[in-house]
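Asker: model the structure of this input:
(one chain, ligands or ions: 1)
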Amino acid sequence: MARDERPQGWHRQTQMVHGGARRSQYGEVAEALYLTQGFVYPSAAAAEARFLGAGPDEFIYARYGNPTVAVFEDRVATLEGTEDAFATASGMAAVSGALMACLRAGSRVVAARALFGSCLYVLQDVLTRFGVEVVLVDGTDLAAWQAALEPGADVVFLESVSNPVLEVIDLRAVAALAHEAGARVIVDNVFATPVFSRAVDLGADVVIYSATKHIDGQGRCLGGVICGTQDFIRKTVEPYMKHTGGAMSPFNAWVMLNGLQTLDLRVRAQAASAARIAQALAGHPKLARVIYPGLPDHPQHSVARDQMDGFGTMLAFELKGGKDAAFAMLDALRIALISNNLGDARSIVTHPATTTHQRLPDADKAALGITPGLVRFSTGLEDADDLIGDLLQALDAVPG
Ligand SMILES: *Cc1c(COP(=O)(O)O)cnc(C)c1O
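Answerer: Residues are numbered from 1 along each chain as shown. Now for the predicted structure:
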């Protein structure tokens, strides 16, 4: 198996198609799927040598690494602009793995409070059990970051664009404060997407994706990836991940590699439709607000414009009639599916207060803006006019 030696400096779309390519002696065009958990050694001495130190294209066991997974890791690292990457079984395996791998009892984490429900669980319920201090701040308030970082910190964790209320964090400013405090900046970049975000250029030390979302993009497989320096990935993340079992399956890596080839096209088309939908819904009499970072009235519109190449595929809106109105609207939709994935080719509509963020106490939901009337919309690849028509007819069906 030979690794393609190709010039660096290509644009992301080219890396998404070719990055990290390796070919067997057959010279296959499509990525080979090495659906194997183990690897044969030519001799006992070779096995011993491999365990003493495996080279970049030498494998031991799929929990440690696999050729198909390695192509995926290299491809994501190349397009993300990091030295290395480690693929994981899910986005949450990436989040929990990156945090657990570098924290210990007595460590201090400062995180934005507007987070995906499972990220909040890892921070508030898991890490604190092991003696890690976790401080949550309003991620859009730089003074709050500064105050929380005053005593120093080991890790700053944030979603660059938060799930589900789409708060946009000023990454450059927060990363500067974090680095001054001696913290490593770990960014969950799912909503921003690898297409629109340059998190590493803005100061992120570690970038995490749930590949389940836009990278697969067709709702088939779970996966995640941690991107960072070679030192962090191989010396801190890999030892933790390979012994705790959060590895990505080779089959899922193969699906994700195919997803990456069309990622750029899909995300740009979905974001263009999301912008049109946000404009079409803005000011609707049954809606209290429409949240999309591309709308000029979004509180962090200018931050989003400065730090992203596009405003993303996700939007949210709040029905004036609360939960009953939100449920009536969801039930009246004919195209968008009621589910909880995002970044899918199919538009997906979610009621966060009763599903993805159900676990949160009401006071926390209120503080995060996860009101009973809030609906999250993941824009798919359907025709934008059809989606707008569907949303408007569903709003018509809402009583009041
Ligand atoms: C979905 C999601 C995750 C978790 O990813 P899984 O692949 O479902 O484990 C983490 N962070 C954000 C922002 C997400 O949207």
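
Asker: find the closest residue to the ligand in the stretch 251-400 of the chain.
Answerer: Closest contact between the stretch 251-400 of the chain and the ligand, by CB to the nearest ligand atom, is at L342 (6.1 Å). Just so you know, the C-beta spots here come from the backbone N, C-alpha and C atoms, and that holds for glycine as well.

Asker: quick one: that residue from A144, how far?
Answerer: Separation of L342 from A144 (CB to CB, to the nearest Å): 27 Å.

Asker: these two: who's more crowded?
Answerer: Ranked by neighbour count (other CB atoms under 10 Å), L342 and A144 place L342 first, with 25 against 17.

Asker: give me every residue that touches the residue in the chain that the ligand sits nearest to.
Answerer: For the chain, the residue closest to the ligand is G91, as judged by CB to the nearest ligand atom, at 2.2 Å. G91 is in contact with D188, V190, I208, Y209, S210, A211, T212, K213, L222, G223, G224, counting by CB atoms under 8 Å, 6 or more residues apart in numbering.

Asker: can you list the buried residues in stretch 58-71?
Answerer: Across stretch 58-71, burial judged by 16 or more other CB atoms under 10 Å covers F59, I60, A62, Y64, G65, N66, P67, T68, V69, A70, V71.

Asker: check contacts around the fifth one.
Answerer: To tie it back to what came earlier, the one meant is G65. G65 touches A54, F59, K242, A247, counting by CB under 8 Å, 6+ apart.

Asker: any chance of these in JSON lines, with pLDDT too?
Answerer: Shown next, in JSON lines, are the contacts of G65 (pLDDT from 0 to 100):
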{"residue": "A54", "pLDDT": "81"}
{"residue": "F59", "pLDDT": "96"}
{"residue": "K242", "pLDDT": "95"}
{"residue": "A247", "pLDDT": "96"}
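
Asker: need phi/psi at the closest residue to the residue of the chain closest to the ligand other than its chain neighbours.
Answerer: Nearest residue to G91 in three dimensions, chain neighbours excluded: S210, at 2.4 Å (CB to CB, 6 or more residues apart in numbering). Dihedral pair for S210: phi -90, psi 110, per degrees, to the nearest 10.

Asker: do you know how far the most centrally placed residue in the chain is from N341?
Answerer: Centroid-nearest residue in the chain, with CA atoms, centre = their mean: V190, separated by 2.3 Å. In this view, V190 and N341 are 11 Å apart by CB to CB.

Asker: so what's in contact with these two at the same time?
Answerer: The contact sets of V190 and N341 overlap at K213 (CB under 8 Å, 6+ apart).

Asker: before we move on, back to that, out of the contacts of G65, who has the most neighbours?
Answerer: Ranking those using other CB under 10 Å puts A247 first, with 24 neighbours.

Asker: residues in contact with it?
Answerer: A62, R63, Y64, G65, N66, V69, A87, T88, A89, M241.

Asker: what number of residues lie near the last one?
Answerer: With neighbours defined by other CB under 10 Å, the count for M241 comes to 27.

Asker: again, but for A32
Answerer: If you count neighbours by other CB under 10 Å, A32 ends up with 16.

Asker: that one reaches N66, doesn't it?
Answerer: No - assessed by CB atoms under 8 Å, A32 is found out of contact with N66, at 11.0 Å.

Asker: show me the chain divided up by domain.
Answerer: Using automatic domain parsing, the domain parsing of the chain gives 2-261, 264-396.

Asker: which pLDDT value belongs to the closest residue to V156 other than its chain neighbours?
Answerer: Leaving aside its chain neighbours, V156 sits nearest to A178 (3.9 Å; criterion: CB to CB, 6+ apart). Here the pLDDT value assigned to A178 is 98.

Asker: list the residues that contact A178.
Answerer: Contacts of A178 by CB under 8 Å, 6+ apart are V110, W145, L149, A153, V156, R184, V185, G203.

Asker: before we move on, the earlier item: my guess is the residue nearest to the centre of the chain contacts P164. True?
Answerer: No - contact criterion CB under 8 Å: V190 and P164 do not qualify, at 11.5 Å.

Asker: what about stretch 351-368, average pLDDT?
Answerer: The average pLDDT within stretch 351-368 is 92.

Asker: endpoints of it, how far apart?
Answerer: In stretch 351-368, first residue to last residue: 14 Å (CA to CA, to the nearest Å).

Asker: so for it, what gets flagged as buried?
Answerer: By 16+ other CB under 10 Å, the buried positions in stretch 351-368 come out as H351, P352, A353, T356, H357, L360, K365, L368.

Asker: can you tell me which of the contacts of G65 end up in helices?
Answerer: Among the contacts of G65, the members falling in helices (DSSP state H) are K242.

Asker: turn the contacts of G65 into CSV, including distance to the ligand.
Answerer: What follows is the contacts of G65, written out as CSV (distance: CB to the nearest ligand atom, whole Å):
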residue, distance to the ligand
A54, 27
F59, 24
K242, 19
A247, 14
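
Asker: pick out whichever of the contacts of G65 sits closest to A114.
Answerer: A247 (29.7 Å; CB to CB).

Asker: show me what the closest one is bridged to.
Answerer: Per DSSP bridges, the residues bridged to A247 are T88.

Asker: list the contacts for the residue lying closest to D74 once chain neighbours are set aside?
Answerer: Among residues not flanking D74 along the chain, G20 sits closest, at 2.8 Å (CB to CB, 6+ apart). By CB under 8 Å, 6+ apart, the contact set of G20 is R3, D4, A70, V71, F72, E73, D74, R75, A77, T78.

Asker: thank you kindly, that will do.
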